[in-house]
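> Can you look at this prediction? I've put the sequence above it.
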Amino acid sequence: MTVAAADPAAAAAEAAQPRRRRSGYGRYAGVKVLGALGSLLFMLVVNFFLFRVLPGDPARTLGRGRLSTPEQLEEFNRTYGLDQGLGEQFLTFLKNTLQGDLGYSILYHKNVSDILVERLWPTLLLVGGSTVLAAVIGIWLGIRAGWDRSSRFDRFTTGGSLTLYSMPEWWLGLLLIAAFAVGIGPLPGIFPTGGLHSVDVDPTSLQGVLDTLWHLVLPVTTLTLAYLADYALIMRSSLIDELRSDYLTTARAKGLRDARVRDKHAVPNALLPTTTVVSLNFGFVVAGAITVETVFSIPGLGLLTTEALAVPDYWLLQGIFMLSSATVIAANLGANLLYGWLDPRVRT
């Protein structure tokens, strides 16, 4: 009788458990979304005041002496809204940002949003491609090195990835240009020294696509080698931590082969920290790699940043900063939501 009475209660508890798990994740996701919105608002405030606390008169600085008369200075301030009070400028800035209006570039005489769209794709091809390659290769290296700890493969890959990680990206890029684009001794250069595609090729044609991929080989290789240690070392460390877990001993005691224990039990749990790193690094894709794009003359957001700094073009810099910060916040939110879904323990 007692057992029969307990069964409905146990069944009710079991039925309620999935609902509690889902509502728990909903609260967790809601908190993370609110935190991301707060970070986004803080970023907008910083983005507005960051370029307005610089010393000097923006009209005289950006005019570079060409705006000499009071009428010219007044017209410049009226065109760019600098004749308004600081509070009114901030409200106008928020309104324009929500409408997708990021200002007007003095350097290119175009809307900042249009310039960012044009320069976004080269950066996505370069940094996005290298991030994917570095993540795939780095995770594979980390799994092999962590599973066969202290082996020759482990020592070689760990030392090699750390050496590449310690090199400045621009210096590694210059080495690759000297070796494979210019040529050393009897070895001729086979890759282009820079640019995204040849000037005599239509980028939209099949030949243009292949030409673009050929131009991206050296810069993508540079960033892949530079980022490799990020994923390899974290994956190796996570897998080594999992090797001390009791469930792996239990799996081996059941007679499972080492390869199955590694692939079906150890690696999925060790991938959790690496998943977060991969998600966060994708947030930095839009920010671009300033030094590599400058060395290889890739017309992306990184090279655009150096060009805007040389003027300086405050509105263009403001738009680049806003886009980069927003993508990092979005990637951080995605990493938190994904980690909370994969590992329910972090929801507490």
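Received it, and whenever you're ready, just let me know what you need.
> which residues are in contact with the helix or strand hosting Thr158?
Here Thr158, judged by DSSP states H and E, is contained in helix 152-166. Contacting residues not belonging to helix 152-166 are listed as 138, 141, 144-146, 148, 172, 225-226, 228-230, 232-233, 236 [CB atoms under 8 Å, 6 or more residues apart in numbering]. Glycine gets a C-beta too; all of them are placed from N, C-alpha and C.
> Check which element follows that helix along the chain.
Taking DSSP H and E, what comes next after helix 152-166 is helix 169-176.
> Output that next one as CSV, restricted to C-alpha atoms.
Output of helix 169-176 as CSV, limited to C-alpha atoms (Å, rounded to 0.1, in the frame of the first residue of the first chain):
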residue,chain,number,x,y,z
GLU,A,169,51.3,38.6,-35.9
TRP,A,170,52.8,41.2,-38.2
TRP,A,171,56.2,39.7,-37.8
LEU,A,172,55.0,36.2,-38.6
GLY,A,173,53.2,37.7,-41.6
LEU,A,174,56.3,39.4,-42.9
LEU,A,175,58.2,36.1,-42.6
LEU,A,176,55.6,34.3,-44.7
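> in the helix or strand where Gln318 lies, what counts as buried?
Taking DSSP H and E as the definition, Gln318 sits inside helix 314-342. For helix 314-342, burial by neighbour count (16 or more other CB atoms under 10 Å) applies to 314-337, 339-340.
> Tell me which of the contacts of helix 152-166 fall in helices.
If you go by DSSP state H, the contacts of helix 152-166 have 138, 141, 144-146, 172, 225-226, 228-230, 232-233, 236 in helices.
> Restricted to buried residues, select the residues you listed in PyMOL.
Typed into PyMOL, the next command selects the buried ones out of those (criterion: 16+ other CB under 10 Å):
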select buried, resi 138+141+144+145+146+172+225+226+228+229+230+232+233+236
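> Determine which two of the ones in helices among the contacts of helix 152-166 are furthest apart.
The most widely separated members of those are Gly146 and Leu172, with 25.5 Å between them, by CB to CB.
> next SSE after the lowest-mean-pLDDT helix or strand in the chain?
Sorting the helices and strands of the chain by mean pLDDT, DSSP states H and E puts helix 58-63 at the bottom, at a mean of 61. Next helix or strand after helix 58-63 toward the C-terminus (DSSP H and E): helix 70-79.
> Mind giving me the packing neighbours of that next one?
Applying 3 or more CB pairs under 8 Å, 6 or more residues apart in numbering; DSSP states H and E, one finds that helix 70-79 contacts helix 58-63.
> can you pull the contacts of Phe93?
Contacts for Phe93 were tallied using CB under 8 Å, 6+ apart; they are 44, 48.
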